[in-house]
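1. fold the stuff below for me.
(one chain, ligands or ions: 1)
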Amino acid sequence: MTRIAIIGAGMAGVTVATLLKAKADIIIVEKSRGVSGRLAHRRAAPFGFDHGAAYMTIRDRGFADMLAPYLLSGLLQHWPQHPVKLRSGERPEPLPHKSDSYAVSGTASSLIKAMLNDHLSDIDMRLATKAVQITHDGEAAKAAKAAWRIVIEDSTATEDQQEIIADWVISTAPAPQTAALLPLSASFHHQLSNVGTDGCFTLMLGFDTVLNTGWDAAWGADDQPIGFISDNRTKPGRDQARTALTVHAGNSWSSRHLASDYDDVKAQMIAALHALTGINAASASHIGFHRWLYANPSRPLQGSEKTPFVMDRSMRLGAAGDWCLGGRIENAYLSGFALARALLPLI
Ligand SMILES: Cc1cc2nc3c(=O)[nH]c(=O)nc-3n(C[C@H](O)[C@H](O)[C@H](O)COP(=O)(O)OP(=O)(O)OC[C@H]3O[C@@H](n4cnc5c(N)ncnc54)[C@H](O)[C@@H]3O)c2cc1C
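-> This next block holds a predicted model:
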């Protein structure tokens, strides 16, 4: 069987693996200790925060079909119900209800975990394993053997586990990480550097009481310290007794401050939150902070038309992810799906 190494266990990687597993020997290499990528959840007992993606759109028919069991079981439920727009000095302005938006019950990462459990329980999954280099073995290729050698960093690996051998390598890491990993000689490599990526600073505030804000999701502005706030308490399957706010700075504001001192960024976000909403972070019993270096593709893959993935058939390399189509979970799925469909006849 063709051996395919997939870098990344986010929505794109898990989608590729699910579609190819019947025809290929799949190994997923994921640098984090857990799966789910940017569809992430952080626990800081007694609080829980979806500190990456807050919700997902379900617009595409195929995506809806794939998610149908989770919609039926209630793992995915409509959210937000009371979205607002925040403007300085004004009352929050109610926004129309988003009928195509859903949050994951319990924790954001529960969706990918459910997909893995349902479709990929027997997969070779290497967590806490970072792909650091990919090299091509010309002799193996001549002998029609698997020619890609992936050098990995894995604290638990023994000597002979320090590399993974595969016929195909598919990266679903964000574009800058994919560019650093895959060889310059890949036909699509130059396209990766055209992708623009914004960062995001995320503040997590846990309160021992319920804050009655009147909204569950609130939009600020992309070029401001407050870009988007979600109240995790209002999502399905969450602790109802405490407010747990995830506060994302605007993407372009974050990118401008990526090199700034974290304490300064945090202080600016806390001050802006208070000015915009009246919420006082000083009364929070938990304050967490995270910097997403590659949060959102500000400029997805360029081209005459949007390309859902990239592939070099002769080199047996490919890449997919939200950066191909735009920074949304649904786009990560569509990209992974399109790549897997193109790869199926080749293996
Ligand atoms: C703060 C924030 C808020 C967001 N809000 C929303 C939202 O509300 N709605 C929405 O639809 N989308 C949102 N998004 C975007 C959404 O999270 C992404 O579009 C989607 O999760 C991308 O999935 P992916 O599989 O393409 O990439 P990822 O989820 O990033 O998966 C890539 C994986 O590759 C792994 N990896 C990278 N390099 C290596 C390596 N060298 N070796 C091994 N593994 C590696 C990473 O650890 C990661 O797990 C948000 C993102 C962020 C950061």
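2. helix/strand/coil for residue 27?
-> Secondary structure assignment for residue 27 (DSSP: H, G, I helix; E, B strand; the rest coil): strand.
3. got the contact list for the residue nearest to it when sequence neighbours are not counted?
-> Residue nearest to residue 27 in three dimensions, not counting chain neighbours: residue 124, with 4.3 Å by C-beta to C-beta, 6 or more residues apart in numbering. C-beta coordinates here come from the backbone N, C-alpha and C atoms, glycine included. Shown in contact with residue 124 (C-beta atoms under 8 Å, 6 or more residues apart in numbering): 25-28.
4. buried among those? Make that a PyMOL selection.
-> Here is the PyMOL command that selects the buried residues among these (16 or more other C-beta atoms under 10 Å):
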select buried, resi 25+26+27+28
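5. out of the contacts of residue 124, the closest to residue 149 would be?
-> residue 27 (12.9 Å; C-beta to C-beta).
6. isn't the closest one right up against residue 2?
-> No - with contact defined as C-beta atoms under 8 Å, residue 27 does not reach residue 2; the gap is 11.7 Å.
7. who touches both of these two?
-> In contact with both residue 27 and residue 2: no residue, using C-beta under 8 Å, 6+ apart.
8. just checking, what packs against the strand or helix carrying residue 265?
-> Assigned by DSSP states H and E, residue 265 belongs to helix 262-277. With contacts taken as 3 or more C-beta pairs under 8 Å, 6 or more residues apart in numbering; DSSP states H and E, helix 262-277 sits against strand 196-207, strand 286-299.
9. and the stretch 151-300 of the chain, which residues reach the ligand?
-> 172-174, 177, 181, 200, 202, 248, 292, 295-296 (C-beta under 6 Å from any ligand atom).
10. cutoff 8 Å now
-> Residues of the stretch 151-300 of the chain lying close to the ligand (C-beta under 8 Å from any ligand atom) are 152, 171-174, 177-178, 180-181, 200, 202, 228, 230, 248, 292, 294-297.
11. need phi/psi at the residue lying closest to residue 274 once chain neighbours are set aside.
-> Excluding its sequence neighbours, the residue lying closest to residue 274 (C-beta to C-beta, 6+ apart) is residue 280, at 5.8 Å. Note on residue 280: backbone dihedrals following degrees, to the nearest 10 are phi -100, psi 110.
12. for residue 280, give its distance to the ligand.
-> From residue 280 across to the ligand, the span is 23 Å (C-beta to the nearest ligand atom, to the nearest Å).
13. how about the residue of the chain most remote from its centre, what does it touch?
-> Residue farthest from the centre of the chain, counting by C-alpha atoms, centre = their mean, is residue 143 at 37.8 Å. Going by C-beta under 8 Å, 6+ apart, residue 143 touches no other residue.
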